[in-house]
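> predicted model and sequence follow; I will ask about them next.
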Amino acid sequence: MENFANILLLLVILLNFFILGSARLGACIRSVALQGAMLSLVPVLLHHGSPHSLILGGAALLLKGFFMPWLLFRAIRQVQIRREIEPMIGYVPTLLLGTLATAGAFIFSDQLPLIEAHKGSLAIPCGLATLAAGFLMLITRRKALTQALGYLIFENGIYIFGVLLSEALPLMVEAGVLLDLLAAIFVIGIVMNQINREFASLNVQNLSSLRE
Amino acid sequence: MQYLLVIVPILGGLIALALPSDRFRPWLLPLCGFIHLTLVLTILIQGAPDPGGHWLGIDALSRLLLLLISLLFVSCAVYGVGYLRFRLAWGNRVFVTCLLFFLAAMSLAALARHLGILWVAVEATTLASAPLIYYNRNRLSIEATWKYLLLCSVGIALAMLGILFVAYAAMPSDPISLQFDDMLREAAGYSRTWLRAGFVFLLIGFGTKVGFAPLHTWKPDAYGEAPGMVGALLAGGLTSVAFLALLRTMQIMIAAHEGVVAHQAFLIMGFVSLFFAAVFVIRQPDFKRLLAYSSVEHMGILAIGVGIGGIATFGAMLHMMNNALTKGVLFLSAGNIHRRFNSKVASEVRGAVSVVPLSACLFLAGFLAITGSPPFGLFISEFTILQGIFATGHYAAGAYFLTMLAVIFIGMATTILTVVFGTPLEGRKQTEYRDSWLTGGAPLFLLGLVLLMGIVLPEPVRRIFIDAAALVEGL
């Protein structure tokens, strides 16, 4: 079970790289959805199918695997965009930065004192690497939609980490993660609609009148 | 009774959502505000049950925060009735509802005695306040809302990671409790590495919400584009609530005997914030953005006060209240001037004192208060913090603190004196706005409180601040 979870987590890291290097929005959304769906399996695997982990995984599957992608696809249909126009930093440098961040995540988590049960699990380095990939996407992309995707990946990283603790912590904190995700995208979606109406494009570059 | 502090505003918000009339809906704001204030005062006088072990409860810090939030909200609510009369055409269903939910979220954060609940409450304040910033519905306010949402969401997500790290620090124990009393009791046995890493994430995460530099970039935009009363609630209420979250973190760090690390981190945040504020205040033509940088400055001062510890922590507690009330005066009067001149840039707004005398005088007095001039409360609190800095032998830090304060005073004075004095520009159209007892009275009331804080501090009121400081110090 542990090994299968580790393979899933490695796939999640691979997906990070795919998303960082892809210009097609549709492919990016699908990959984020796939990433979310795979992550929903992780709590079930790590906690051997306890009822609590089933609920957590089920909720994550519905939200990350189906609801968010549906919302995002609806948004790009409405605005008629397909591709990210030239990010602030090119795709190759972004990928290099992503590699460095992933390596850094593995080195950093090596320094952390883990409890016996978590030795050999990839959850902590993988969570940190995903967090870094999401953050990279947030700061290097120009479209509101790709930034929202970056935020989703960022949240996925926190989710991986939260799963480790989900048995020892009360349910409330995980509910917080999901609630946060739902609400953030919901509000971001509304704002995006408005940006669309005002500027006829989802380019955050247009949002640069307020600066010193 | 403490639960009513959250339930009343939520009910009020639901009623506001259901009420069909835009004309009567704003009256819900002062109604809920006054009920809230009455509840808070009753709790302060009668005392609250011991919060030990519960997820919600009232300790010394909650008392201070609740009083602060309630006073500020009541003033903004009264002002809001006057303000929304000018905006009848825009409708106010969402605005009033969100304001009341915002109050509920802030109260919940003040009551929270569980890291998870505190986190959810701070997150809820972000969500409830985003539509408020967007109220003016133009491209600038969209930009401001977008930046606010994105930065604060990332901040809040980092804070969540910080909480998980802190929880991991307690790891072999199962189940882990995030209830404060449990955490304070067990903190000494936490794993150091995880706790420190968690502290860094919590500091950056909640620090984004507090608006420490360089995480402050949402502030000038959000405060600049939001209506004046929203700016007042954000700069006075929201930042204080986020700072409360940091104080809770500080409590845990001190209980874990990691106070030195936490104090140093606070000091660094504070000094950097003062520097950024001083740089951006100079030649800042937009008087609402100016107030945002002033907010960055004062959050820095709070961090320095807590970072120094001892008597400076007491100064910081006083300063939190003083800053919130004065920000109320400044934003509400700045909103009035903005409305009259239909501009918030010093090159277009001149001689406010001759057209909106009350608001202009309040703005000027608010400026004197916020820069720490006697006899206002901020003079006392900043002086106390400075006393703490020198008493602990940080002479260089004290000199730096004074220099930055002087630079900020000069920077703010240039813009604010231009706006207040002189003669209005010929040929620039002004609106029909005049100060009313609602839009002028609310900031006047707040200014009176700031003045009172500087002149007399009766023992029972003083007690609130002393107790809060003792809690932060871990005594």
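Cool, got the structure. Numbering: from 1, shown residues only, chains lettered A, B, ... in the order given.
> run a quick neighbour tally on the residue of the stretch 101-250 of chain B found nearest chain A.
Using CB to the nearest CB, the closest approach of the stretch 101-250 of chain B to chain A is made by B:Glu143 at 4.1 Å. C-beta: built from backbone N, CA, C; applies to glycine. Neighbour count for B:Glu143, taken as other CB atoms under 10 Å in any protein chain shown: 23.
> can I get stretch B:88-96 in CSV, CA atoms only?
Extracted C-alpha coordinates of stretch B:88-96, given in CSV (Å, rounded to 0.1, in the frame of the first residue of the first chain):
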residue,chain,number,x,y,z
LEU,B,88,-28.8,54.3,-3.5
ALA,B,89,-28.6,53.7,-7.3
TRP,B,90,-25.9,51.0,-6.9
GLY,B,91,-27.9,48.9,-4.5
ASN,B,92,-26.5,47.6,-1.2
ARG,B,93,-27.8,44.1,-0.6
VAL,B,94,-24.4,42.4,-1.1
PHE,B,95,-22.5,45.3,0.6
VAL,B,96,-24.5,45.3,3.8
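> follow-up on the earlier one: Three-state assignment for the residue of the stretch 101-250 of chain B closest to chain A, please.
With DSSP: H, G, I helix; E, B strand; the rest coil as the basis, B:Glu143 sits in helix.
> and B:Leu44, what does it touch?
By CB atoms under 8 Å, 6 or more residues apart in numbering or on different chains, the contact set of B:Leu44 is B:Arg63, B:Leu67, B:Ile464.
> quickly find the element holding it.
Using DSSP states H and E, B:Leu44 falls within helix B:28-46.
> packing partners of the helix or strand following that helix?
Next helix or strand after helix B:28-46 toward the C-terminus (DSSP H and E): helix B:60-86. On a contact count with 3 or more CB pairs under 8 Å, 6 or more residues apart in numbering or on different chains; DSSP states H and E, helix B:60-86 meets helix B:28-46, helix B:93-111, helix B:228-232, helix B:239-255, helix B:311-341, helix B:437-455, helix B:459-473.
> and helix B:60-86, which residues are buried?
Residues B:60-84 are the ones in helix B:60-86 that count as buried (16 or more other CB atoms under 10 Å in any protein chain shown).
> centre of the chain to it, how far?
Between the centre of helix B:60-86 and the centre of its chain there are 11 Å (CA atoms, centre = their mean, to the nearest Å).
> pLDDT of that helix, averaged?
If you average the pLDDT over helix B:60-86, you get 94.
> okay, the residue of the stretch 101-250 of chain B closest to chain A: pLDDT?
Predicted confidence (pLDDT) for B:Glu143: 81.
> again with A:Met192
65.
> where does chain A have low pLDDT?
Counting by pLDDT under 70, chain A has low-confidence residues at A:1, A:78-86, A:170-212.
> and the helices in it, which stretches?
Ranges of helices in chain A, per DSSP state H, are A:2-21, A:25-46, A:51-60, A:68-79, A:91-111, A:123-140, A:144-165, A:171-199.
> can I get the ones you listed in CSV including distance to chain B and mean neighbour count?
Shown next, in CSV, are the helices of chain A (distance: least, CB to the nearest CB, whole Å; neighbours: other CB atoms under 10 Å in any protein chain shown):
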stretch, distance to chain B, mean neighbour count
helix A:2-21, 16, 18
helix A:25-46, 14, 21
helix A:51-60, 11, 17
helix A:68-79, 14, 17
helix A:91-111, 7, 15
helix A:123-140, 7, 23
helix A:144-165, 5, 25
helix A:171-199, 5, 18
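> what would these look like in a markdown table with distance to B:Leu364?
Converted to a markdown table, the helices of chain A look like this (distance: least, CB to CB, whole Å):
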| stretch | distance to B:Leu364 |
| --- | --- |
| helix A:2-21 | 53 |
| helix A:25-46 | 52 |
| helix A:51-60 | 55 |
| helix A:68-79 | 47 |
| helix A:91-111 | 50 |
| helix A:123-140 | 41 |
| helix A:144-165 | 41 |
| helix A:171-199 | 36 |
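> need the residue closest to the centroid of the chain.
Went with chain A since none was named. Geometric centre of chain A, nearest residue: A:Ile153, 1.2 Å, by CA atoms, centre = their mean.
> ah, I was thinking of chain B
In chain B, the centroid-proximal residue (CA atoms, centre = their mean) is B:Gly236; its distance is 2.8 Å.
> please name the nearest non-neighbouring residue to that one.
Excluding its sequence neighbours, the residue lying closest to B:Gly236 (CB to CB, 6 or more residues apart in numbering or on different chains) is B:Ala324, at 3.5 Å.
> burial count for the one you found?
B:Ala324 is flanked by 26 other residues according to other CB under 10 Å.
> thought it was touching B:Leu72?
Yes: when contacts are counted by CB atoms under 8 Å, B:Ala324 is listed as touching B:Leu72 (5.5 Å).
> and the helices in the stretch 101-250 of chain B?
B:115-133, B:139-169, B:180-186, B:192-210, B:218-225, B:228-232, B:239-255 (DSSP state H, counting those that start in this stretch).
> so what pLDDT did the closest residue in space to B:Leu151 that isn't next to it in sequence get?
Excluding its sequence neighbours, the residue lying closest to B:Leu151 (CB to CB, 6+ apart) is B:Trp218, at 4.4 Å. Listed pLDDT for B:Trp218 reads 92.
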